[in-house]
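Participant: next comes the sequence, and after it the predicted model I'd like to discuss.
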Amino acid sequence: MPRTLLFALVLAAALPAQAQDYPSRPIRLITPAAPGGTTDLLARIFGAKLAESLKQQVIVDNRASASGVIAGEITAKAPPDGYTLLLAYHQHTANAALNPSLPYHPVNDFTPITQLTAAGFLLLVNPASPPHTLQEFVAWTKSFQRPLNYGSAGLGTGGHLAGELYKQMTGIQAQHIPYKGTGPALIDLIGGRYEFNFSGLQGALVQVRSGKLRALAVTTPKRLAALAELPSVAEALPGFEVVGWYGVIGPGAMPPNIVARLHDELVKALEAPDIRSRILDDGSEPVGSSPADFRAFMSADLDKWGRLVKQSGAKSD
């Protein structure tokens, strides 16, 4: 028997055994964010649940640079053995729409495992602004007599793309002001330095509930149960939808046995009452999709933002 064929047979026989023994050492969960934010918090919550169920340490590795590109590149180039995972979020596909020169393809070079959550953004204005309803806001922005500005947590973020989609669907002119994070962007909106913002719910609800900002709508297709008093933007602009998401992915070509094991454990974690209630209280929705459904979702997300970026001319750094 030729040596190359013998080696291939030995390798093929070894792969199921490796998957069966998984995990036999600590798992690295890369998160494209600094410690302390929503992304880091989710990584630590689900990392702890995985560590408990897999009986193996899960180390959260914070890589908060280049809008998540560094974290994505590290993951894409890691061995596909299940010991390097990425807590990805909507920036992962938005990056590719904004930057065609990424060192990886956001879908094809990864193994989707499961989408964890889906969440909309809040349309926010300063409490001193004239509009008190979504319909008043649309009319206000369409009739604005001086330069109109909107802020976001940064180039390529969900808030940035939501602003571009709003401009496209209403035909208004508005200058985008990118900030380095949600906190600085909301501070300047509170200070009245620009007109509106589409912000992630978790970071904005505290300011809304304290009366420092006024929320007018959500960007999900329908109203959220946790914020039923707020309309969806789609009620005034049919078809408007911007949904942020979090999910776990790994390097491309991971063994199906390991993918199935990780998927099952993550879905169990999503079903835990403490995690489920925490997600719902934040205005998000638990998902727990199959790997195939998550891949299809990511592909559709990439296509959607690619079309918007092409039509709007939005750019990354």
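Facilitator: Cool, the structure landed. Numbers count the residues shown, from 1 in each chain.

Participant: after the host helix or strand of residue 123, heading C-terminal, what element do we hit next?
Facilitator: Secondary structure from DSSP states H and E places residue 123 in strand 121-125. Next in sequence after strand 121-125, counting helices and strands by DSSP H and E, comes helix 134-142.

Participant: can you name the next helix or strand after that following helix?
Facilitator: Once helix 134-142 ends, the next helix or strand along the chain (criterion: DSSP H and E) is strand 149-152.

Participant: tell me where the stretch 1-150 of the chain has strands.
Facilitator: Remark: strands assigned in the stretch 1-150 of the chain by DSSP state E, counting those that start in this stretch are 27-31, 58-62, 84-89, 110-119, 121-125, 149-152.

Participant: now do the third one, average pLDDT.
Facilitator: Confidence over strand 84-89, taken as the mean pLDDT, stands at 96.

Participant: mind giving me the packing neighbours of that strand?
Facilitator: Applying 3 or more C-beta pairs under 8 Å, 6 or more residues apart in numbering; DSSP states H and E, we find strand 84-89 packed against strand 27-31, helix 38-54, helix 69-77, strand 110-119, strand 244-251. For the C-beta atoms, the positions are set from N, CA and C on the backbone; glycine is no exception.

Participant: run the angle between that strand and helix 69-77 for me.
Facilitator: Relative orientation of strand 84-89 versus helix 69-77 (axes from the mean of the first three to the mean of the last three C-alpha atoms, to 10 degrees): 140 degrees.

Participant: how about the second one?
Facilitator: Between strand 58-62 and helix 69-77, the angle comes out at 140 degrees (the same axes, to 10 degrees).

Participant: among the helices and strands packed on strand 84-89, which comes closest to residue 261?
Facilitator: Shortest distance between residue 261 and the helices and strands packed on strand 84-89, using C-beta to C-beta, is found for helix 38-54: 8.0 Å.

Participant: ranges for the helices of the stretch 151-300 of the chain?
Facilitator: 158-170, 182-190, 201-209, 256-271, 273-281, 291-312 (DSSP state H, counting those that start in this stretch).

Participant: for this structure, which spans come out with low pLDDT?
Facilitator: Applying pLDDT under 70 to the chain picks out residues 1-20, 313-317.

Participant: break it into its domains for me.
Facilitator: Domain assignment of the chain by automatic domain parsing yields the ranges 24-119+244-312, 121-235.

Participant: rewinding a little: of all the helices of the stretch 151-300 of the chain, which one is nearest residue 238?
Facilitator: Judging the helices of the stretch 151-300 of the chain by C-beta to C-beta, what sits closest to residue 238 is helix 158-170, at 9.1 Å.

Participant: ok now that closest one, how far from the chain's centre?
Facilitator: 16 Å (C-alpha atoms, centre = their mean, to the nearest Å).

Participant: stretch 215-233 too?
Facilitator: 18 Å.

Participant: including mean neighbour count and distance to residue 60, could the helices and strands packed on strand 84-89 go into TSV?
Facilitator: Output for these, formatted as TSV (neighbours: other C-beta atoms under 10 Å; distance: least, C-beta to C-beta, whole Å):
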stretch	mean neighbour count	distance to residue 60
strand 27-31	22	5
helix 38-54	19	5
helix 69-77	20	12
strand 110-119	24	15
strand 244-251	24	12
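
Participant: output those as CSV; include the columns distance to residue 207.
Facilitator: Converted to CSV, the helices and strands packed on strand 84-89 look like this (distance: least, C-beta to C-beta, whole Å):
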stretch, distance to residue 207
strand 27-31, 24
helix 38-54, 14
helix 69-77, 28
strand 110-119, 17
strand 244-251, 18
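
Participant: residue 298 is nearest to which of those?
Facilitator: Nearest of those (C-beta to C-beta): strand 110-119, 6.1 Å.

Participant: what's the first-to-last distance across stretch 216-229?
Facilitator: 9 Å (C-alpha to C-alpha, to the nearest Å).

Participant: what about the residue nearest to residue 218 when sequence neighbours are not counted, distance to residue 241?
Facilitator: Nearest residue to residue 218, sequence neighbours excluded (C-beta to C-beta, 6 or more residues apart in numbering): residue 120, at 4.4 Å. According to C-beta to C-beta, to the nearest Å, residue 120 and residue 241 sit 8 Å apart.
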